[in-house]
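**Student:** I'll drop the sequence and a predicted model, then ask my questions.
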Amino acid sequence: MKRTDDQAERSRPSAEYFINGKPASLAEIAEASGDKEAWRSYLERERDPGSLRRYLQKYLGKYVTAREIHWPPGMRNAALLKWKSSGKVRAERIKGRWYYSLEDLLKAIKEE
């Protein structure tokens, strides 16, 4: 009986990764690398909610998505774009969704 490519693929051992001699996942390697872009690249390719939460907490602190923002009367989304482009509010875009630092948003709203 001949083995098909699919059977051969399943019988190959998967790659194993280690950090300090202990088995590690790709997420753990990306996080431990200390390279923000490597971690972000991993998050763009993989669906890993735990790693995403740790990444956002590290770089934004407490965070909210654009959909979760409820604007005070008289304020608009244009203010958010202005604050983001001026660096007043830290933001990260991962898989097409924007996340904003809650602390920076509150500070910017108080200053307006």
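**Tutor:** All right, it came through fine.
**Student:** what about the nearest residue to Leu56 once chain neighbours are set aside, how many residues nearby?
**Tutor:** Spatial nearest neighbour of Leu56, chain neighbours left out: Tyr63 (4.8 Å); criterion: Cβ to Cβ, 6 or more residues apart in numbering. Where C-beta positions appear, they are placed from N, C-alpha and C, glycine not excepted. When neighbours are defined as other Cβ atoms under 10 Å, Tyr63 has 22 of them.
**Student:** show me what Tyr63 is bridged to.
**Tutor:** Ser101 (DSSP bridges).
**Student:** ok, now how distant is Asn20 from Tyr59?
**Tutor:** For Asn20, the distance to Tyr59 (Cβ to Cβ, to the nearest Å) stands at 24 Å.
**Student:** equivalent analysis for Trp39, please.
**Tutor:** 9 Å.
**Student:** can you check Glu68 too?
**Tutor:** Distance of Glu68 to Tyr59, given as Cβ to Cβ: 18 Å.
**Student:** just the helices in this structure please.
**Tutor:** 5-11, 26-32, 36-45, 49-60, 77-86, 102-111 (DSSP state H).
**Student:** among the ones you listed, which comes closest to Ile94?
**Tutor:** Proximity to Ile94 (Cβ to Cβ) singles out helix 36-45 among these, at 5.3 Å.
**Student:** residues contacting that closest one, please?
**Tutor:** If you take Cβ atoms under 8 Å, 6 or more residues apart in numbering as the criterion, helix 36-45 is touched by 26-27, 30-31, 33, 48, 51-52, 55, 59, 92, 94-95.
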